[in-house]
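K.L.:
Pasting the sequence and the predicted model now:
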Amino acid sequence: MQYTHEHLEIQKTMRRFIDDEINPHVDEWEEAEAFPAHQVFKRMGELGLLGLNKPEEFGGGGLDYSYAMALAEALGHISCGAVPMAIGVQTDMCTPALARFGSDELRREFLAPAIAGDMVGCIGVSEPGAGSDVAGLKTHARKDGDDYLITGQKMWITNSFQADWMCMLVNTSDGSAHRNKSLVMVPMNLPGIERAKKIRKIGMHSSDTGLIYFDDVRVPQRYRIGEEGQGFVYQMQQFQEERLWCAASSLEPMEDCIRDTIEWAQQRKMFGGSLADQQWVQFKLAELKTEVEALRALTYRACDLHVQGQDVTELASMAKLKCGRLTRQVADTCLQFWGGMGFTWENRVSRLYRDGRLGSIGGGADEVMLGILAKTMGIAKRPVR
């Protein structure tokens, strides 16, 4: 994959917006454990950055996925992990299936306002007893006339306390676990919805993460995305873009962490020289930089094949696995080189250490990625569907 002038201009616009309107407020938002999603998304919508690869008739750019990838990479310029994650939910996690399989009515009602930044979306998959095990979710929708009545709960839901709607994966029949689920658009102002608890996390502080209860929430069946019973398939396809987004958005934070550590090591005086004079430090930072570039190459290749219409489940899973583990390695190694200064709250390296830990959990844990890879490699049995 080669970035063109147009890709680079999109990144330039995004980084300029980040420098002017996001990074100056990040410390304040982290302290408040929230950021103004509607305000930020509206400005991004005005800049045309929320729907680069979405259909033009609904306000999108009509571009291929490589432009969304370029944007995801530029989001890494934000000096925390929470705000880019919240934006990524809007662009690459709760809207791909809606854009691809939703009716024109649904796309007018939910996708167009999301692209414009007038609505904030969230994705409702995880539950208290079903995070990595997507097939095991218990939230169900029973039919009542032309409606669904939805009962259950969703947990670890990013943007949920500010969201105007949720793209929810829910059981709509009693069939097999891979064929009884549908994706349903659920407006978050309906009776029976309780935003029960805002979850405090060790990192990603400015992103609101909620536990949400649903008690006989009445939703029209026409709010279902695509065919009934195909929700699991749609969500697995949606996961491909989510996981590529995770990999792309992790690159710049790791590069920044390494660069900041080099600058610190050159200034830190010890044993008659600088920390950077220690060959172990030099070699370890060189190794980390090499690993980041290897992840970039893997991510770009997966994106290229995705744009060509190929199934990139295997490569996207590899990239997701690698980015979670490598972010942990980069942050931990660099924090060690910072010594006591790395153990302070305000240090950007320590923020990456806290925020980056989610990379091996959210969007499919490392072990789930390894399980997927074992199946694609033919060394583990695929479930009967």
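P.N.:
Received, thanks.

K.L.:
Show me which helix runs longest in the protein.
P.N.:
Longest helix in the chain, counting residues (DSSP state H): helix 231-267.

K.L.:
How many residues are close by S173?
P.N.:
Neighbours of S173 under the rule other CB atoms under 10 Å: 15. In this view, the C-beta of every residue, glycine as well, is placed from N, C-alpha and C.

K.L.:
right, I mislabeled it, should have said A365
P.N.:
16.

K.L.:
which non-adjacent residue is nearest it?
P.N.:
S132 (4.8 Å; CB to CB, 6 or more residues apart in numbering).

K.L.:
Touching, that neighbour and G364? I think so.
P.N.:
Yes. Using CB atoms under 8 Å, S132 is in contact with G364, at 6.5 Å.

K.L.:
Give me the pLDDT for A130.
P.N.:
The model reports A130 with a pLDDT of 81.

K.L.:
Would you confirm that it contacts L137?
P.N.:
Yes. Shown here, A130 and L137 form a contact pair, counting by CB under 8 Å, at 4.1 Å.

K.L.:
Just want to know which of these two has more residues nearby.
P.N.:
L137 (24 against 18).

K.L.:
show me the contacts for the more buried one.
P.N.:
V125, S126, E127, A130, G152, L169, V170, N171, K181 (CB atoms under 8 Å, 6 or more residues apart in numbering).

K.L.:
Using TSV, please lay out those residues together with distance to S79 and secondary structure.
P.N.:
Supplementary listing: the contacts of L137 in TSV, determined by distance: CB to CB, whole Å; DSSP: H, G, I helix; E, B strand; the rest coil:
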residue	distance to S79	secondary structure
V125	28	coil
S126	27	coil
E127	32	strand
A130	33	strand
G152	37	strand
L169	32	strand
V170	36	strand
N171	40	strand
K181	38	strand
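
K.L.:
Name the member of those with the most neighbours.
P.N.:
K181 (30 neighbours).

K.L.:
wait, it sits on T172?
P.N.:
Yes. Between K181 and T172 there is a contact under CB under 8 Å: 6.7 Å.

K.L.:
hey, what's in contact with both of those two?
P.N.:
Counting by CB under 8 Å, 6+ apart, the residues touching both K181 and T172 are G229, G231.

K.L.:
Number of residues surrounding Q39?
P.N.:
11.

K.L.:
element containing it, please.
P.N.:
Applying DSSP states H and E as the criterion places Q39 in helix 37-46.
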